[in-house]
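Asker: Sequence first, then the predicted structure, then my questions.
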Amino acid sequence: MKRILLLPFLSLVILTANATTIVRGSINLQEGIIQVLIQNSPFDNNVTLLTESTIFDGRFELIFELPYDSEIIFSVNDLTVSKQIIDESRWDIDLNIIELPKPDFYGKTERLELTQAKSSNEQESELFNIESDIESIKENNRKGNGKIGRNYSNELEQYLIEKIRESNSSKLNAILSTSSLFVFSLSGIMRDKGHSNELETFFQDNFQFSYSGLVAVNILYAQSIQIEFLTKELGKSNYFEFIKEAASKIEDDRIRQSTLAVLVTNAIGRKWTNQQETKEQLSAFIDQCEYPELTKWLMAFQDYHSSTLVGSKLQDFELENPNGDIIRFSDYEGKYLLIDFWATWCGPCIKNMKKLPELKGQNSNLEVLCVTTEQDMDRINKFIARNGYENTLNFGIARNHKEIDSYFNKRAIPLYFLISPDGVIIDKAVTDPTSMIEKHLNTKSNRVDGRRP
């Protein structure tokens, strides 16, 4: 992560010492590139490339330092799979690219699977075994029509209760309680049965203000509160009064404060709250927060979502388009310009990019320039052709990427800046740019405003 000019960010975010992790593995692909990504904040989808390596004869080795405890994302040929990594450790893993019987939601015909993982850390290996058992329970309860049988929740709950009763390791408890599969399992059990007291108590007793812990709070508590507001109270109640009342029912103070933190940050950039009030609420929450670890995450989030560039004249930079010609930001003066920082390995970037041709089509006064610091022109051109963007979006390769990264304070992607026709930076967005475009260009798209799970 720090390889993409993230040192200022890390000064706010580091919760544990950097630890060197070595991953050796195999994959059913003879040659190619494998990348390791990490999400920068528990409050948004932005990702950073940690490292990449060459696949040779189906084998690879990855060496990287984790800035904080988190899940990492393995990426091969635009396919991704996540793995929770906690401590300095050595891993042996097997990845497998499988063909899908039909294209998935994103139109992909293949999926990347993590089929085997062994760690030098005993607790991490045990976590992988438990996660594999959870997946097996789900598949064993799947019917011929693909639906999950009624006994699934009972069997899953019984298995997880047995595991937490058997465990005598505080380290295993800490990583299990925030494992994405454990949390999604607990969320499903709570939804189907109304509660799961022993598992909920286990989560609360082992909760930490880690990346994974805050993501878990979002899944278990914050999402249901936000959905209730959007489906029942939108236009009737003040969002911040509503979430404070809803969160007050959570007994554990650490989890209550974490839930509020997620709900406040979720309102940044959303059209269903007044953004000036949202920023004031975030600042007030940071000032009042009693937990230093939570405060660090919030301060980093606030810093990255703000911009001292807004209101200033855009500095001109030279870029290279896919044909090898020189282009400049100033070439687009006279129209609104959306600058979209992206990469072929960035899933959230690619997901958001799919919306941009429609947004541009709704505004004849809007141009879109997708800027990447990747230098592999062949890979970029294949991506553009595969998605049919040749005539709908503009692309620029930042050869002088260190200067551009520094100027825009680009520590992760996706990242968006909206420029006025006279070349003034008028707004910034760190996630989906749709609301920002609608706000300034009065464009309305047919969409439901949402948030990542």
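Answerer: Noted; the coordinates are in hand. Numbers count the residues shown, from 1 in each chain.
Asker: Tell me the pLDDT of the residue most central in space within the chain.
Answerer: Note on the chain: the residue nearest the mean C-alpha position is N45, at 2.4 Å, using C-alpha atoms, centre = their mean. Here the pLDDT value assigned to N45 is 85.
Asker: Also V13?
Answerer: V13 carries a pLDDT value of 32.
Asker: Same question for R3.
Answerer: On the pLDDT scale, R3 gets 31.
Asker: Begin at 422 from now on, thanks
Answerer: All right, first residue 422 from here; so that's R424.
Asker: now the strands for the stretch 472-621 of the chain?
Answerer: 480-487, 491-497, 500-506, 511-520, 531-540 (DSSP state E, counting those that start in this stretch).
Asker: quick one: strands adjacent to the last one?
Answerer: Partners of strand 531-540 in the sheet, by DSSP bridges, are strand 511-520 (antiparallel).
Asker: Show the average pLDDT along the strand it pairs with.
Answerer: Strand 511-520 comes out at a mean pLDDT of 93.
Asker: the inter-axis angle of it versus strand 500-506?
Answerer: Orientation note: strand 511-520 sits at an angle of 150 degrees relative to strand 500-506 (axes from the mean of the first three to the mean of the last three C-alpha atoms, to 10 degrees).
Asker: Surely F495 is in contact with D515?
Answerer: No. With contact defined as C-beta atoms under 8 Å, F495 does not reach D515; the gap is 11.3 Å. All C-beta spots, glycine's among them, are computed from the backbone N, C-alpha and C.
Asker: More neighbours: these two, which one.
Answerer: F495 (22 against 14; other C-beta atoms under 10 Å).
Asker: Can you name the residues that contact the more buried one?
Answerer: 455-457, 501-504, 516, 533, 535 (C-beta atoms under 8 Å, 6 or more residues apart in numbering).
Asker: And the pLDDT at it?
Answerer: Model confidence at F495 (pLDDT) stands at 94.
Asker: could you list every residue that touches P769?
Answerer: By C-beta under 8 Å, 6+ apart, the contact list for P769 reads 466-468, 834-835, 852.
Asker: again, only this time at 7 Å
Answerer: Residues in contact with P769 (C-beta atoms under 7 Å, 6 or more residues apart in numbering) are 466-468, 835.
Asker: got a winner among those residues for most neighbours?
Answerer: P835 (25 neighbours).
Asker: Now name the helix or strand holding G446.
Answerer: strand 440-448 (DSSP states H and E).
Asker: so what strands line up beside the following helix or strand past that strand?
Answerer: Using DSSP H and E, the helix or strand that follows strand 440-448 towards the C-terminus is strand 452-460. Take DSSP bridges as the rule and strand 452-460 pairs in its sheet with strand 468-477 (antiparallel), strand 491-497 (antiparallel).
Asker: Just say helix, strand or coil for the closest residue to I664 other than its chain neighbours.
Answerer: What sits nearest to I664 in space, not counting adjacent residues and going by C-beta to C-beta, 6 or more residues apart in numbering, is L684, at 4.4 Å. Classification of L684 using DSSP: H, G, I helix; E, B strand; the rest coil returns helix.
Asker: separation between M798 and K776?
Answerer: The gap separating M798 from K776 is 25 Å, by C-beta to C-beta, to the nearest Å.
Asker: wait, N562
Answerer: Distance from N562 to K776, by C-beta to C-beta: 36 Å.
Asker: Show me where the stretch 422-571 of the chain dips below the pLDDT cut-off.
Answerer: 422-440, 507-509, 526-527 (pLDDT under 70).
Asker: which residues does M611 contact?
Answerer: S617.
Asker: re the thing from before, ok, the residue nearest to I664 - how many residues close by?
Answerer: L684: 26 neighbours (other C-beta under 10 Å).
Asker: Spatially nearest residue to V683, not counting backbone neighbours?
Answerer: Per C-beta to C-beta, 6+ apart, closest to V683 is A643, 4.1 Å.
Asker: okay, the strands of the stretch 472-621 of the chain, which one's buried deepest?
Answerer: strand 491-497 (a mean of 21; mean count of other C-beta atoms under 10 Å).
Asker: mind listing the helices for the stretch 772-874 of the chain?
Answerer: Ranges of helices within the stretch 772-874 of the chain are 777-782, 798-808, 822-829, 855-862, based on DSSP state H, counting those that start in this stretch.
Asker: Give me the buried stretch members for the last one, please.
Answerer: Yep, that's helix 855-862 we're talking about. 855-860, 862 (16 or more other C-beta atoms under 10 Å).
Asker: now the end-to-end length of stretch 810-823.
Answerer: End-to-end distance for stretch 810-823, by C-alpha to C-alpha, to the nearest Å: 26 Å.
Asker: ah, wrong one, I meant stretch 803-818
Answerer: Termini of stretch 803-818 sit 14 Å apart (C-alpha to C-alpha).
Asker: Mind listing what's buried along that stretch?
Answerer: Applying 16+ other C-beta under 10 Å to stretch 803-818 flags 804-805, 810, 814-818 as buried.
Asker: related to what we said a few turns ago, which one of the helices of the stretch 772-874 of the chain lies nearest to F750?
Answerer: Closest approach to F750 among these (C-beta to C-beta): helix 822-829, 10.0 Å.
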